[in-house]
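Sequence and computational prediction follow.
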Amino acid sequence: MNVLVTGGAGFIGSAVVRRLRAQGHHVRILDALLPAAHPAGPPEHWPASGSRSARPAEPPAVRAGPPYAGDVEFRVGDVRDVQAVEDALDGIDVVCHQAAMVGLGVDLDDAPDYVGCNDLGTAVLLSAMARRGLKRLVLAGSMVVYGEGRYECGLHGDVAPGPRTKADLDSGMFEPPCPACGAPLRPGLVGEDAPLDPRNVYAASKVAQEHLASAWARASGGRVIALRYHNVYGPGMPKDTPYAGVASLFRSALARGEAPRVFEDGGQRRDFVHVDDVADANTTAVAAVAEAPEGAVRAYNVGSGEPHTVGEMASALAAAHGGPAPLVTGEYRLGDVRHITADSSRLRDELGWRPGVPFAEGMRAFAREPLRGG
Ligand SMILES: NC(=O)c1ccc[n+]([C@@H]2O[C@H](COP(=O)([O-])OP(=O)(O)OC[C@H]3O[C@@H](n4cnc5c(N)ncnc54)[C@H](O)[C@@H]3O)[C@@H](O)[C@H]2O)c1
């Protein structure tokens, strides 16, 4: 198939492109090479003509004509740019939409860029797909859409705690209490039908992407697989920036000879999933989306199924790197949630995907693997 991978110069997009190529698909990349994501310039494998501008280069940096077997066509272009998107869709069968501004960001000044890249960009892409009658979309979603996720209270059963207050966090009360009785809660695995409850601007923009895709599918008869990735790590992860994931922050600290600084008390539970497994989920979805329900979004969690705390992840990395032990700082970020771990059984059961990289093995390798811009 001819597959357009937006954001294909990014951490996950690059891995998806590699996997798609290995399966013999023709791949075209559309990526704006956003300076926030690529502070050190274009990735090594990009053609020398690649530009760092957030706007498309004129004429677009294209390595060769239409996609051809076994190779990749690189385009520097922005998904907010109607013409760049129209051109990039030429001859395409399936769109794998990875482009997005990621992470918690610096402050609310980032909000227009999150919404612009993630939501305006998705709207531009979807309207161009509708004009061309293109009906297959694989969307990079995120576990951030769930907010705090699922908890169980001994007395009240399944509950959804509200956002943690600044006062509680300041006093070191990191666990969200039961909203009904204030009792301690047990975190559970979150399934795809859990209510969406974004807790920061990035999360809100990822929810909006799914809603836009749903509206598009209904109106156009399109088919969408939304892959809600959990915490992705692995080689090529961007170095520490305000937009980087926690595994990269720890890995970057260790590379500087410093201890990883673990926020809160280190007990936050996450599902760390290897980028190769996420790339496999994407190639699986690219193949399956033709059979996905017409006119709807089918969402799938993409997690390893092996929840770990952030503290455990820091310790595993520090040990594998041979660096200083993690430092638990008690700091926090208001937009962070306490625990969020995936139930990825739908992806296993319906599409036959299986994660292949166990936590211990993946972290051991990641402790030494290169970071992007590092
Ligand atoms: N990394 C994770 O742990 C994680 C978790 C959940 C979901 N995701 C999602 O996965 C996708 C890929 O994330 P990543 O971690 O590879 O991030 P990344 O920053 O490494 O890659 C994103 C790429 O998108 C490009 N991009 C951003 N805005 C663009 C625009 N307007 N036009 C064209 N290109 C643009 C960037 O230049 C970058 O190359 C995103 O949709 C993100 O929301 C990532």
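Perfect, thanks for sending it.

For the rest of this, base every contact and every neighbour count on C-alpha atoms.
Fine.

Within range of the ligand, give me the residues from the stretch 151-300 of the chain.
Proximity of the stretch 151-300 of the chain to the ligand (CA under 6 Å from any ligand atom) is limited to residues 229-232.

Take those residues and keep only those in strands.
Counting by DSSP state E, those place 229, 231-232 in strands.

for Asp168, what are its contacts?
Applying CA atoms under 8 Å, 6 or more residues apart in numbering to Asp168 gives the contacts Phe174.

That should have said Leu134, apologies.
Counting by CA under 8 Å, 6+ apart, Leu134 has contacts 93-94, 222.

Ramachandran angles for it?
Dihedral pair for Leu134: phi -80, psi 130, per degrees, to the nearest 10.

sorry, back to before: make JSON lines from the ones in strands among the residues of the stretch 151-300 of the chain next to the ligand and add distance to Gln83, pLDDT and neighbour count to it.
As requested, those are exported to JSON lines (distance: CA to CA, whole Å; pLDDT from 0 to 100; neighbours: other CA atoms under 10 Å):
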{"residue": "Tyr229", "distance to Gln83": "29", "pLDDT": "97", "neighbour count": "24"}
{"residue": "Asn231", "distance to Gln83": "33", "pLDDT": "94", "neighbour count": "22"}
{"residue": "Val232", "distance to Gln83": "32", "pLDDT": "96", "neighbour count": "23"}
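
Which parts of this protein are helices?
Remark: helices assigned in the chain by DSSP state H are 11-22, 82-88, 111-115, 121-132, 166-170, 201-220, 246-255, 275-288, 310-321, 345-351, 359-366.

re earlier: between the residues of the stretch 151-300 of the chain next to the ligand, which is nearest Glu350?
Tyr229 (16.6 Å; CA to CA).

Would you agree that closest one is in contact with Ser304?
No. Using CA atoms under 8 Å as the test, Tyr229 is too far from Ser304 to be in contact (9.8 Å).

still on that earlier bit, give me the subset of the contacts of Leu134 that lies in strands.
Val94.

in its sheet, what does the helix or strand bottoming out on mean pLDDT in the chain sit against?
Ranking every helix and strand in the chain by mean pLDDT, DSSP states H and E puts strand 341-342 at the bottom, with a mean of 90. Paired strands of strand 341-342, with direction, are strand 189-190 (parallel) (DSSP bridges).

Can you tell me what sits against the strand it pairs with?
So strand 189-190 is contacted by 146, 149-150, 340-343 (CA under 8 Å, 6+ apart).

Now do the contacts for Val275.
Val275 sits in contact with 12, 15, 232-235, where contact means CA under 8 Å, 6+ apart.

same thing with Met313?
Neighbouring residues of Met313 by CA under 8 Å, 6+ apart: 247, 363.

and the gap between it and Pro324?
Using CA to CA, to the nearest Å, Met313 is found at 14 Å from Pro324.

how close does Asp81 sit to Thr122?
Per CA to CA, Asp81 is found 11 Å from Thr122.

Compare neighbour counts for the two and give me the winner.
Taking neighbours as other CA atoms under 10 Å, Asp81 and Thr122 compare with Thr122 leading, 24 against 16.

on that earlier part again, give me the common contacts of Tyr229 and Ser304.
Val273.

Same list, the residues of the stretch 151-300 of the chain next to the ligand, but as CSV with distance to Thr165 please.
Converted to CSV, those look like this (distance: CA to CA, whole Å):
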residue, distance to Thr165
Tyr229, 26
His230, 24
Asn231, 24
Val232, 27
